[in-house]
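# structure for the following, please:
(one chain, ligands or ions: 1)
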Amino acid sequence: MTVPPYQDDVKNNERTNYFNSPALDVSVAFPQATPASTFPPCTSDNYQIDDLLTPEEQAIRLRVRECMEKDVAPIMAEYWEKAEFPFQIIPKLGALRIAGGTIKCNISGLSRIALCGSEAQKQKYLPSLAEFKTVACWGLTEPDYGSDASALRATATKVEGGWVLEGQKRWIGNSTFADVLIIFARNTTTNQINGFIVKKNAPGLTATKMENKIGIRIVQNGDILLNKVFVPDEERLPGVNSFQDTNKVLAVSRVMVAWQPIGLCMGVYDMCHRYLKERKQFGAPLAAFQINQEKLVRMLGNVQAMVLIGWRLCKLFEAGKMTPGHASMGKEKNTSRSLVESHSIDHTFQRSYFP
Ligand SMILES: Cc1cc2nc3c(=O)[nH]c(=O)nc-3n(C[C@H](O)[C@H](O)[C@H](O)COP(=O)(O)OP(=O)(O)OC[C@H]3O[C@@H](n4cnc5c(N)ncnc54)[C@H](O)[C@@H]3O)c2cc1C
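The predicted structure follows:
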């Protein structure tokens, strides 16, 4: 049997692997389609959940969307293919003033210092973190301790004037370029987990990018090596004295993780909705066929349920009533829903693209 060559192979014979290929140009195969780099209109707010937001929150949402449409959407496919981070958008994200504001946004590092830092550390780091002038990362996971993070092996040994950190970290997002790294290590005297603020150029610190990821490719995840890294006393987080303290921060992170799939699924829904209306087969837009309408309705229902969970989590958090159980269930429900929706986009969009 002769296997027909893929379109990309025909056009780019010199390219031997998928990840070196240019971003997929939908308009070549489907000239009437709106390019993927143009955001589709937001069509997923079926129950007018936007009304639950305050005018200030609605304004923030519009500002963020405008930035995503104008500054992020046109370049994201290219950076996704290259697995590189578009540093030029950092000042634009900073200008949105969304970190540390009314919406309790969980920017890596910021919330950790806000929750566990001393007054002096808050004064020193929070203003520039909130403006994205300083970038931070959160280093908990190790090569041998992921889910089992409480057993981590990196050590912090007390010496005169500070601490010496030794060990490894893995998967740490932003670590290849972060200005400050929040590192968790086991205190060799108390055997408890403590937290430390490590500066980018600290002697003995190296962070290497993890290659060949198949998801979240723009985020730079790194392997960190701590080879006798000295951290002064004033850079130890006084609020982290055990794994229980780390867990409090993890609960807050889960709110952020519960929101990530919401944005993704809203985008997936909008993209499918536009595509099915634009793409015609058998003499009618694909959206005219009931099987596709059923998929859209199912996705829409899921997106609405996810938004309500995310919104409620934020309200509980703001009122000081959010428990780790609330956060974990929200994260689980929303991430598992988004897996279902990612299958939907395979069926709705790609099967049409590769008939
Ligand atoms: C894109 C990305 C970004 C990340 N960013 C960061 C970061 O910025 N900072 C940071 O510190 N970490 C980060 N991590 C690490 C993340 O927290 C870990 O991947 C996570 O804790 C799981 O650890 P692991 O990958 O070692 O998997 P493992 O813990 O080895 O788990 C492997 C599989 O076994 C399952 N499993 C584990 N324990 C059990 C059990 N008791 N019962 C049943 N099943 C079990 C897990 O669900 C999983 O499916 C990131 C990871 C990814 C993928």
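
# only C-alpha atoms for contact and neighbour calcs from this point on.
Fine.

# dump the residue contacts of residue 248.
residue 324 (CA atoms under 8 Å, 6 or more residues apart in numbering).

# any idea of the pLDDT on it?
At residue 248, the predicted lDDT confidence score is 82.

# residue 152 reaches residue 183, doesn't it?
No. Contact criterion CA atoms under 8 Å: residue 152 and residue 183 do not qualify, at 11.4 Å.

# near the ligand, which residues of the stretch 101-250 of the chain show up?
By CA under 6 Å from any ligand atom, the residues of the stretch 101-250 of the chain that approach the ligand are 138-141, 145-148, 171-173, 216.

# 8 Å instead?
108, 137-149, 169-175, 215-216, 219, 221 (CA under 8 Å from any ligand atom).

# quick one on the thing from earlier: can you work out which residues contact both of residue 152 and residue 183?
Residues within reach of residue 152 and of residue 183 at once, by CA under 8 Å, 6+ apart, are residue 140.

# got any ranges where the stretch 51-200 of the chain has weak pLDDT?
100-110 (pLDDT under 70).

# picking up where we left off before, restricted to buried residues, select the residues of the stretch 101-250 of the chain next to the ligand in PyMOL.
Burial among these is assessed by 16 or more other CA atoms under 10 Å; the matching PyMOL selection reads:
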select buried, resi 108+137+138+139+140+141+142+149+169+170+171+172+173+174+175+219+221
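
# narrow the residues of the stretch 101-250 of the chain next to the ligand to those in strands?
Counting by DSSP state E, these place 137-139, 169-173, 221 in strands.

# residue boundaries of the helices in the chain?
Secondary structure of the chain, counting by DSSP state H: helices at 7-11, 26-29, 55-67, 73-82, 90-95, 110-116, 119-130, 243-278, 290-318, 324-345, 351-353.

# hmm, who's touching stretch 143-161?
Contacts with stretch 143-161, where a contact means CA under 8 Å, 6+ apart, come from 140-142, 163-170, 184-189, 193-194, 232-233, 243.

# and that stretch, how far out from the chain middle?
24 Å (CA atoms, centre = their mean, to the nearest Å).

# and for stretch 209-220?
Worked out by CA atoms, centre = their mean, stretch 209-220 lies 12 Å from the chain centre.

# please point out which parts of that stretch sit buried.
Per 16+ other CA under 10 Å, stretch 209-220 contains these buried residues: 209, 217-220.

# and which of the residues you listed is nearest residue 290?
residue 217 (34.9 Å; CA to CA).

# give me the buried entries from the contacts of stretch 143-161.
The neighbour-count criterion (16+ other CA under 10 Å) marks 140-142, 163-170, 184-187, 193-194, 232-233, 243 among the contacts of stretch 143-161 as buried.

# circling back: which one's more surrounded, residue 152 and residue 183?
residue 183 (25 against 22; other CA atoms under 10 Å).

# grab the nearest non-local neighbour of the more buried one.
Nearest non-adjacent residue to residue 183, counting by CA to CA, 6 or more residues apart in numbering: residue 139, 4.7 Å away.

# and the one you found, what does it touch?
Applying CA under 8 Å, 6+ apart, we find residue 139 in contact with 169-170, 172, 181-184.

# rerun at 10 Å
Residue 139 makes contacts with 108-109, 168-175, 181-185, 195-196, 222-224, as judged by CA atoms under 10 Å, 6 or more residues apart in numbering.

# what do you get for residue 221?
Residue 221 touches 137, 170-176, 207-211, 213, counting by CA under 10 Å, 6+ apart.

# for residue 169, give the beta-bridge partners.
residue 224 (DSSP bridges).

# check contacts around residue 254.
106, 260, 313, 324, 326-332.

# narrow these to just the buried residues.
Buried among the contacts of residue 254 by 16+ other CA under 10 Å: 106, 260, 313, 324, 326-331.

# tell me which residue is most central in the protein.
residue 260 (6.1 Å; CA atoms, centre = their mean).

# that one and residue 160, how far apart?
Separation of residue 260 from residue 160 (CA to CA, to the nearest Å) stands at 43 Å.

# you'd agree residue 329 is up against residue 306?
No. Applying CA atoms under 10 Å, one finds residue 329 not in contact with residue 306, separated by 11.5 Å.

# now the common contact residues for these two.
Counting by CA under 10 Å, 6+ apart, the shared contacts of residue 329 and residue 306 are 258, 335.

# what residues does the closest residue to residue 257 other than its chain neighbours make contact with?
Distances taken as CA to CA, 6+ apart put residue 331 closest to residue 257, at 6.0 Å, once the chain neighbours are dropped. With contacts defined as CA under 10 Å, 6+ apart, residue 331 is in contact with 251, 253-261, 306, 309-310, 313, 325, 337.
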